[in-house]
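*Asks:* the sequence isn't on hand, but the structure is:
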């Protein structure tokens, strides 16, 4: 059962600057932080969360807190839930999931909501601590409590908490450094949604160790070959893919038959065709240049910094890798949209890596592009007690 306590005064947040009496200080009243932030995270937990634990009628040690929600009114009264929330995460699944089946990180493409089973009024402050295995996250928002001109909360709490949960669950994906991104792009790789989480971890581990990601190519090809029929079956349900589905499925056939020349030759121009169909469906004005096609491809998710599809990075991948220019006098010209369409890509570059990359780019777009029909065909599911039921396998 929740516990009612009196904090004495409503919380305002954490001071970002030192100030003497009568001086102005900057206060942070809204923040998400997690285990990866180290001492900063500990400092936050040792603030109001520890103060709340100390006021509970039955003592609770910080080490015993798996989850905690405190909802605070402007009268400084707080309703506190410790280890009793019924959390439900809504995720985009990588494929069909049967009711009652265990859900693992390999089944998740993105997390877009986390519901706590408790209503948080928009005119109340709150803090939420959650756990994912050994990792923890903290989100707080005391903005509605801040002074006579404070305004009610105007964002979707479930969506924001889903983003925070996603960040902690897939911390490795969000902690890729700029140098590691450069290494991935130089090798034409990306943490594609068409790869299992285990494979993405292996890909990241390769670049973090300074090793060539192509050393995992055999594993990635075998994995996608085992899944590509399931992947292509889902493409036909998407309005931007439907006009191109016959060509895409022929490319899948060529991929499975190890005809990587034909597969690559079919896919790289057709990817632009999918992008153009999507761009047109949005009613976007202006010529469908590579830049505009890229912008419209990621537009629906670009503002979500915690989207597991990594929209800003994928936009850069489309611009720099898929739409890469070529040097017409170079001895070896790599595969890209332009080099294939102009017929100048070197024959040896029409290989299994290029075919695999093409397949993975298509599948990544399947999750990015908005659908223009009522029945969007999206594979999705909800997991009850998400932190407990989402585990490695």
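*Replies:* Perfect, thanks for sending it. This is a predicted model, so every value here is computed, not measured. Residues are numbered from 1 along each chain as shown.
*Asks:* list the contacts of the one helix or strand residue 234 maps to.
*Replies:* For residue 234, the host element (DSSP states H and E) is helix 217-235. Contact partners of helix 217-235, identified using CB atoms under 8 Å, 6 or more residues apart in numbering, comprise 95-96, 194-196, 199, 202-203, 241, 245, 248-249, 252, 255-256, 352-353, 356, 359-360, 362-363, 366, 377, 379. Every residue, glycine included, has its C-beta placed from N, CA and C.
*Asks:* quick one: buried residues of stretch 141-155?
*Replies:* For stretch 141-155, burial by neighbour count (16 or more other CB atoms under 10 Å) applies to 141-146, 150, 153.
*Asks:* give me the mean pLDDT for it.
*Replies:* Stretch 141-155 shows an average pLDDT of 89 in the prediction.
*Asks:* can you give me the first-to-last residue distance of it?
*Replies:* End-to-end distance for stretch 141-155: 11 Å, by CA to CA, to the nearest Å.
*Asks:* what about it, distance to the chain center?
*Replies:* 28 Å (CA atoms, centre = their mean, to the nearest Å).
*Asks:* how about the helices in the protein?
*Replies:* For the chain, applying DSSP state H gives helices covering 39-45, 48-55, 157-169, 171-174, 178-186, 197-208, 217-235, 245-256, 260-281, 290-298, 311-317, 337-341, 352-368, 386-389.
*Asks:* can you redo the ones you listed as a markdown table with mean neighbour count?
*Replies:* Listed next are those as a markdown table, based on neighbours: other CB atoms under 10 Å:
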| stretch | mean neighbour count |
| --- | --- |
| helix 39-45 | 14 |
| helix 48-55 | 16 |
| helix 157-169 | 21 |
| helix 171-174 | 16 |
| helix 178-186 | 14 |
| helix 197-208 | 18 |
| helix 217-235 | 17 |
| helix 245-256 | 18 |
| helix 260-281 | 20 |
| helix 290-298 | 19 |
| helix 311-317 | 19 |
| helix 337-341 | 20 |
| helix 352-368 | 23 |
| helix 386-389 | 18 |
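*Asks:* so which of the ones you listed is nearest residue 324?
*Replies:* With CB to CB as the measure, helix 337-341 is the member of the helices of the chain nearest residue 324 (7.0 Å).
*Asks:* can you tell me the closest non-neighbouring residue to the residue nearest the centre of the chain?
*Replies:* Most central in the chain under CA atoms, centre = their mean is residue 308, positioned 1.3 Å from the mean C-alpha point. Distances taken as CB to CB, 6 or more residues apart in numbering place residue 110 nearest to residue 308, at 4.3 Å, with adjacent residues excluded.
*Asks:* the one you found: what's it in contact with?
*Replies:* 91-92, 166, 193, 307-309, 367.
*Asks:* at 7 Å instead, please
*Replies:* 91-92, 166, 307-309 (CB atoms under 7 Å, 6 or more residues apart in numbering).
*Asks:* can you give me the end-to-end span of stretch 305-313?
*Replies:* Distance between the two ends of stretch 305-313: 10 Å, counting by CA to CA.
*Asks:* for it, what is the distance to the chain centroid?
*Replies:* Here the centre of stretch 305-313 is set off from its chain's centre by 5 Å, with CA atoms, centre = their mean.
*Asks:* list the contacts of that stretch.
*Replies:* Stretch 305-313 is contacted from outside by 109-111, 163-164, 166-167, 170, 173, 181, 191, 193, 298, 301-302, 304, 364, 367-368, using CB under 7 Å, 6+ apart.
*Asks:* any idea how far residue 221 is from residue 289?
*Replies:* From residue 289 across to residue 221, the span is 33 Å (CB to CB, to the nearest Å).
*Asks:* shouldn't residue 301 be in contact with residue 368?
*Replies:* Yes. If you go by CB atoms under 7 Å, residue 301 and residue 368 touch, sitting 6.4 Å apart.
*Asks:* mind showing which ranges of the stretch 151-300 of the chain have poor pLDDT?
*Replies:* Scanning the stretch 151-300 of the chain for pLDDT under 70 picks out nothing.
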